[in-house]
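K.L.:
coordinates only, no sequence provided:
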């Protein structure tokens with residue numbers, strides 16, 4: 001297994017010193033180009049002239065520092081993610097998260113992995129509502145962390161990376177296409193966050209779970225999501241998964257769901273599944289959502305009260 005680290009801090013330092021005319025292409029070629037296969041899979045144009053002005057820079061700048069924001073004025077932010085110890089901890093989290101699957105006799109089809117950590121855009125509400133850190137790992141072989149670096153977020157990045165590695169493993173075995181349904185995403189997020197706590201402890205459980213109390217989960221979220229599990233189309237799914245506030249930010253129609261409803265529900269659903277079946281998180285990660293959901297029908301009952 002080959003894990004390659006893209007040291008974004010080195011790239012940020014170069015871009016910060018570059019002229020305004022050079023920043024965009026320098027950032028595109030050094031930060032975005034190594035992930036070219038991901039952009040192709042996601043059908044995001046590498047350059048604006050390949051589309052109607054939308055490209056990887058535009059997409060990336062929604063949640064991250066854009067090239068024009070990378071100046072000497074943010075040198076303190078860059079410094080916070082520039083220590084060798086930070087990057088070694090992140091690489092260890094990625095390596096261990098993937099390696100444990102192989103140690104549990106799950107042979108991963110993908111052998112080459114690339115990961116990086118990017119500075120988040122402090123004006124992104126989608127990031128600040130997540131307490132300043134996030135990630136993406138849905139394309140096998142590519143893993144991202146996003147951070148507004150501070151004393152709270154830096155120690156949590158390893159758990160976020162474990163979460164994303166779990167997605168990365170799952171989607172080496174489970175096909176993602178236009179038919180993906182809400183049930184799959186609830187299961188997927190539940191598996192990923194249970195894996196993060198398996199790796200690093202419940203003290204690093206993400207705000208996408210901890211912000212939901214038992215009353216909200218049992219009385220408001222579960223009864224609604226139970227009836228929407230087969231919903232398809234990301235514009236339909238997103239409000240149930242992320243909640244109304246993030247849905248509105250993405251121009252999706254709100255559905256009266258609280259923050260990260262699907263994530264919180266998924267976390268407790270997978271806990272229920274693992275307790276009931278005795279299966280390991282490794283076995284569950286590569287199982288079809290339909291098989292998991294078939295085993296947890298009691299989870300949705302009103303008298304199956306989940307304590308948060």
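P.N.:
Perfect, thanks for sending it. Since the structure is predicted, the reported quantities are computational estimates derived from the model, not experimental observations. Numbers count the residues shown, from 1 in each chain.
K.L.:
assign a three-state SS to residue 115, would you?
P.N.:
When states are read from DSSP: H, G, I helix; E, B strand; the rest coil, the local structure at residue 115 comes out as strand.
K.L.:
count residues in the vicinity of the closest residue to residue 4 other than its chain neighbours, would you?
P.N.:
Spatially, and ignoring its direct neighbours in sequence, residue 4 is nearest to residue 114 (4.9 Å; CB to CB, 6 or more residues apart in numbering). Every C-beta, even on glycine, is put in place using the N, C-alpha and C of the backbone. Residue 114 has 18 neighbouring residues, counting by other CB atoms under 10 Å.
K.L.:
give me the beta-bridge partners of residue 114?
P.N.:
With beta bridges defined as DSSP bridges, residue 114 has these partners: residue 4, residue 142.
K.L.:
I figured it hits residue 144, correct?
P.N.:
No: counting by CB atoms under 8 Å, residue 114 does not reach residue 144; the two are 9.4 Å apart.
K.L.:
and the residue nearest to residue 4, what does it touch?
P.N.:
Going by CB atoms under 8 Å, 6 or more residues apart in numbering, residue 114 touches 3-4, 6, 34-35, 141-143.
K.L.:
quick check: the farthest pair among the residues you listed?
P.N.:
When the contacts of residue 114 are compared pair by pair using CB to CB, the farthest-apart members prove to be 3 and 35, with a separation of 14.6 Å.
K.L.:
ok, the two, which is more surrounded?
P.N.:
Here residue 3 and residue 35 are compared on neighbour count by other CB under 10 Å; more neighbours surround residue 35, at 22 against 16.
K.L.:
SS state for the more buried one?
P.N.:
Going by three-state DSSP, the secondary structure assigned to residue 35 is helix.
K.L.:
confirm residue 268 sits in a strand?
P.N.:
No: with the criterion set as three-state DSSP, the secondary structure at residue 268 is helix rather than a strand.
K.L.:
and this protein, what are its domains?
P.N.:
Domain assignment of the chain by automatic domain parsing yields the ranges 2-170, 182-300.
K.L.:
still on that earlier bit, tell me which of the contacts of residue 114 is nearest to residue 200?
P.N.:
Closest to residue 200 out of these is residue 143 (15.7 Å), distances taken as CB to CB.
K.L.:
the closest one against residue 113, yeah?
P.N.:
Yes: using CB under 8 Å, residue 143 is in contact with residue 113, at 6.4 Å.
K.L.:
need the pLDDT of residue 51.
P.N.:
The score at residue 51 is 65. That number is its pLDDT.
K.L.:
number of residues surrounding residue 56?
P.N.:
Other residues near residue 56 come to 23 when the count uses other CB under 10 Å.
K.L.:
pLDDT at it, what is it?
P.N.:
So residue 56 comes in at 96 (pLDDT).
K.L.:
nearest residue to it other than its sequence neighbours?
P.N.:
Using CB to CB, 6+ apart and skipping the chain neighbours, the partner closest in space to residue 56 is residue 32 (4.7 Å).
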